[in-house]
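I would like the atomic coordinates for the input below:
(chains A, B and C, ligands or ions: 2)
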Amino acid sequence: MEIPYSVKPRPDTGLYNAKVGIWLFLASEVMLFGALFCSYILLRVNAPDGMWPHHWLNIWLGMTNTIVLIFSSVTVVLSWASLKMGQFKRYKLYQGVTILCALTFLCIKSYEYHDKFIHYEVILTDGRIADGHIEKGQTTADTVALLGWWPKDEAALMDPPMGHPVEKIEIPRKQIKTMENYGPWHNTYTAIYFVLTGLHALHVLAGAIVIFAIWGPLAKVWEQDPERYINRVEVSGLFWHFVDLVWIFLFPVLYLL
Amino acid sequence: MSHSTQSATVPHPAGHSTEEIRRDMRRYLIIGVALMIGTGMTVWASLIDFGSREINIVAALIIASAKGFLVAGFFMHLISEKKMIYAVLACTGFFFLALMYLTLLSMAHGSVIQIR
Amino acid sequence: MESTTHDAHAPPHQEPGFWQKYIFSTDHKVIGLQYGITGLMFLFMGFCLMTMMRWQLAYPGHPIPIVGKLLFRVLGEDMVGKDAAGHVGVMMPGLYNSFGAMHGTIMVFLAIVPLAFGAFGNFVTPLQIGAPDMAFPRVNMVSYQFYFMGGIIMLASFFIPGGAAQSGWTSYSPLATVADMGTRPNGQTFWIIGMVFLISSSLLGAVNFITTIIQMRAEGLTWMRLPFFVWAQFVTGFLLLLAFPPLEAAAVLQLGDNLLHTSFFLPTGLVVSGQHLHVSGGGSPLLWQHLFWFLGHPEVYVLILPGMGIVTEIIACNTRKPIWGYRSMVYSVLTIGFLSFIVWAHHMYLTGMGTRIATFFQTTTMMISIPSVIILTSLFISLWGASMRFNTPMLFALGFLPMFGIGGLTGLPLGFNASDIHLHDTYYVIAHFHYVVAPGTIFALFAGIYYWYPKVTGRFMNEFWGRVHFALSFIFMNLVFMPMFIQGMAGLSRRMYDGGATYAAQDGVVGLSKQVIGLNIPISHAVWALGLAQLPFVINFFWSIRRGKKITSDNPWQATTLEWQTPTPPPHGNFEKPVEVFRGPYEYSVPGHATDFTPQNEPPTAAPAPHGNPLLS
Ligand code: HEM
Ligand SMILES: [Cu+2]
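Ligands and ions are numbered 1, 2, ... in the order given. Have a look, this model is predicted:
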């Protein structure tokens, strides 16, 4: 039994099945990320005056990742176009670059996550606030060592002045009232940041796996059924562009504004 | 079916000759460059002090939307897609806006929504 | 296989083994049956939970007879306690909450949707559009497996420390986060993870259904020739596709609140049992409600539209007349689908959203009732002047109409925000939506089972016992739910562990009257009787597989739609040769035609078709 229109487009719709399928799936993805964007806006609008963080993320890392993803989107679409001209080697090359880009993106993202997990806000018993990255080596059972600064209050922490001086801070544990890293539990901003970027990173990972599977293990389909193969590349490419598209909005929303 | 003939005569969707594909590829490159420039502009616009954060937000969203349009329109070929897909996406877009706008409206007391 | 594709990778043709044929099947019919059997089991389970809850409501504090001891043994003393005389088997408040939440969850997500969309949709849709299978058979299999996993996770949650989720099927935050705070992961965690599986299953199913209907319609089967059932499934697919993702997002956020101490839905300064909750705060409980009901409302149309589809098919066939107003029904179902995305906050009038937004949602809610009424009216008018066949499927379909009518019309007072202030969260609401889903959708599902049973098994179900089943179900359904309207209007709140005794009137205290609370007892008896009334169905269902009256034709009801033009049961791939469609779905009693039905694939010439419909020769 053969499923009709699984390769050739159906004349009246002009589409083959998988293309309809992927667009429907992307529509649901729009609603998924849409709901999260919506949550982001609401949390932000609801935040008390001056208590929404700005510039907590490294703009240059974010920008690098944006460029990496855009670059990969270009290679995806070029690889597909090469296949349509029958240039399998070119396709292999372009799509190989795509996979490398995906890995680069994920590496940078994990570095950023790690950076948040070692970043602590320490409130002292006398009310002062220290903020910075923990120095694992110097932190002992009774002192905590940070590489950071002393914001004058919570509000100063919400939008740290760019290039504020960084010093080495040592705080005896006895003087610490609370100490919390910048994980999702820190406040609603870090929470929505981790959820949005985490879900996005999962999409990057999934997309990379699919593209890799088509590129490597399933490459023999190209010889058996080139049209089906091109369709697969197109469909996985559509997914990849969508992932890129989401990031294009995530970057300004989380890093810049 | 022999492989060599296959790869030489890979079926193109109607009216897509090799020249056209080459032209498309050049176009993709140009759009890629435009997207990179857009990224630079977003960062640049966010660092300017317009005196009010609203302007920064609007500027960033406009640039992001323009970039989004390029990706969706050209990389995903939405500017020349089939009717069926437009219909699906139009509904999706409408429902997304409804979700966002109505939710926001239900939470805003008074008529202004303050941006922090 | 004479297709353009290379068939080197096609497996050699051989009989698939048991596992391949029944467990890991990609055949839409087998998957439909898998959904059907699993869904019926969950329907039974959801009902069993309610039979026990009804005992507690009718006789609060008394040990549950028969199963009380067993519950005690399985769930332990936190859940099942002792009465004053020391008899074990009393349902504790936590258990009542768990059962209530799981009754709702199981019924909606594990029983009705899988039956209406998964089972009937899978089995019937490809047949009715003349397709060999779904567009993505393997995705179809995976979506069943996700559903199954989700079900297992939900069931497992009964047996973990702390028991199953206790915060209602709506899982409102912050309640869902602060309930059972001591145990993590708890029932709520399982609920969320289970829901993620169920949502993923529905999303895959929706993509598959919509693609199938768009792409795989037989030659000549244009949109306006589609049976109404297919239209209903099509719109249902879109509802699932676009409404579920926001709940998936919300589920992820709530998982964060429960496990990672985020505060998406937890406001600043939340106090629980006199203690300041140690969370970062800044979240919004309303956000959860928005995201939940953005799914929740379209979901109720997911529960009802396939039912309307089934009923339409059966009414057309048994009135031997075309459906009156087919086109307006199609436009109505599309309108319902569209509008159902912008009415969700009518569940939230009492949250303090403000009057402006409430007015908006009140308006759209009134608008959406119009197409529903059009569909119902068209079906009623279709009955006019028909010489009806009153067989079991038709009886259930006819029962559906007034029941759904009652359910729908009693929804209007809930849609106006002034009257909703009084009715919100009372038994009136319970009665209203149960009229829609229980004597409504469930009757439609029964009708569908009796109707398509011969296609699946080659035998009819027993007619006499079918009628008994219908008559008893009809009576007891109404005895269960009609009094709930009265209780609700008198102010009895839903989700009350003691059936309202807390708010009973006493000397000098205004409260619920004895009569209102007393109604709990006959209602509960009616519930148990309703359970017994299903025995004829269960026995009939299994007995008829081997003993039922054999069909003498592939089209035993003499219907027009394509699923009856296949061999019985339809083989893998469904149709022996590609079908071509020449006419609309309901050409019954066409003047001048030899029979009183004209199948969709019968060529327009009066001469007998060359390839021969067995019924016409
Ligand atoms: C026919 C047998 C059924 C009976 C006797 C029954 C009875 C009840 C009762 C008495 C309640 C209120 C419990 C309370 O507020 O404490 C309830 C709640 C509910 N029922 Fe049913 N029901 C039945 C079938 C269904 C079906 C088929 C559905 C499918 C959608 C359903 C969905 C629900 C939901 C969503 C709730 C709300 C649960 C909550 O409060 O979170 N029920 N049911
Ligand atoms: Cu609703």
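
pLDDT score for the residue positioned nearest the centre of chain C?
Taking C-alpha atoms, centre = their mean, the centroid of chain C lies closest to C:Ile112, which sits 2.4 Å from it. C:Ile112 carries a pLDDT value of 97.

wasn't it part of a helix?
Yes: secondary structure assignment places C:Ile112 in a helix (DSSP: H, G, I helix; E, B strand; the rest coil).

which non-adjacent residue is nearest it?
Across the structure, with C-beta to C-beta, 6 or more residues apart in numbering or on different chains as the measure, the residue nearest C:Ile112 apart from its sequence neighbours is C:Leu303 (5.2 Å). Heads up, the C-betas are built off the backbone N, CA and C, glycines and all.

do C:Ser173 as well
Nearest in space to C:Ser173, with sequence neighbours left out and distances taken as C-beta to C-beta, 6+ apart, is C:Phe265 at 3.3 Å.

could you chop chain B up by domain?
B:17-77, B:80-108 (automatic domain parsing).

how about the helix or strand hosting B:Ala64: buried residues?
Using DSSP states H and E, B:Ala64 falls within helix B:53-70. For helix B:53-70, the buried set under the neighbour-count rule, 16 or more other C-beta atoms under 10 Å in any protein chain shown, comprises B:56-57, B:59-61, B:63-64, B:67-68, B:70.

what's the average pLDDT for it?
pLDDT averaged over helix B:53-70 equals 93, rounded to a whole number.

alpha carbons of that helix, as CSV, please.
Coordinates of the C-alpha atoms in helix B:53-70 are reproduced here as CSV (Å, rounded to 0.1, in the frame of the first residue of the first chain):
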residue,chain,number,x,y,z
ARG,B,53,12.4,52.9,27.0
GLU,B,54,9.2,52.6,24.9
ILE,B,55,11.0,53.9,21.9
ASN,B,56,13.8,51.3,22.3
ILE,B,57,11.3,48.5,22.6
VAL,B,58,9.3,49.6,19.5
ALA,B,59,12.5,50.0,17.5
ALA,B,60,13.7,46.6,18.5
LEU,B,61,10.4,45.0,17.7
ILE,B,62,10.2,46.7,14.4
ILE,B,63,13.7,45.5,13.4
ALA,B,64,13.0,42.0,14.7
SER,B,65,9.7,41.8,12.7
ALA,B,66,11.6,42.9,9.6
LYS,B,67,14.1,40.2,10.1
GLY,B,68,11.4,37.7,10.8
PHE,B,69,9.7,38.7,7.6
LEU,B,70,12.9,38.0,5.7
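
where's the helix or strand following that helix relative to the chain centroid, distance-wise?
Reading on from helix B:53-70 to the C-terminus, the next helix or strand found by DSSP H and E is helix B:83-107. In terms of C-alpha atoms, centre = their mean, to the nearest Å, the centre of helix B:83-107 is found 16 Å from the chain centre.

just to revisit the earlier point, pLDDT score for the residue nearest to C:Ile112?
With respect to pLDDT, C:Leu303 has a value of 96.

what about it, helix or strand, and which?
Counting by DSSP H and E, the element that carries C:Leu303 is helix C:285-319.

buried sites along the helix or strand just after that helix?
For helix C:285-319, the following helix or strand on the C-terminal side (DSSP H and E) is helix C:326-339. Along helix C:326-339, these residues count as buried under the neighbour rule (16+ other C-beta under 10 Å): C:326, C:329-330, C:332-333, C:335-339.

what's the answer for stretch C:547-559, then?
Here stretch C:547-559 shows C:548, C:551, C:554-559 as buried, counting by 16+ other C-beta under 10 Å.

does the lengthiest helix in chain B reach chain A?
For chain B, the helix that runs over the most residues, judged by DSSP state H, is helix B:18-47. Yes: using C-beta under 8 Å from any C-beta of the partner chain, we find that helix B:18-47 touches chain A at B:18, B:21-22, B:24-25, B:28-29, B:31-32, B:35-36, B:39-40, B:42-43, B:46.

is it possible to mark the buried ones in those?
The neighbour-count test (16+ other C-beta under 10 Å) applied to the residues of helix B:18-47 next to chain A identifies B:21, B:24-25, B:28, B:31-32, B:35-36, B:39, B:42-43, B:46 as buried.

just to revisit the earlier point, helix/strand/coil for the residue nearest to C:Ser173?
Secondary structure state of C:Phe265, per three-state DSSP, is coil.

that one and C:His290 touch, don't they?
No: assessed by C-beta atoms under 8 Å, C:Phe265 is found out of contact with C:His290, at 10.5 Å.

and the helices in chain A, which stretches?
According to DSSP H, the helices that chain A contains are A:17-46, A:59-84, A:88-117, A:154-158, A:188-215, A:221-224, A:226-250.

and C:Ser473, which of those helices is closest to it?
helix A:17-46 (36.7 Å; C-beta to C-beta).

could you check the angle helix B:83-107 makes with the closest one?
Going by axes from the mean of the first three to the mean of the last three C-alpha atoms, to 10 degrees, helix A:17-46 is angled at 20 degrees with respect to helix B:83-107.
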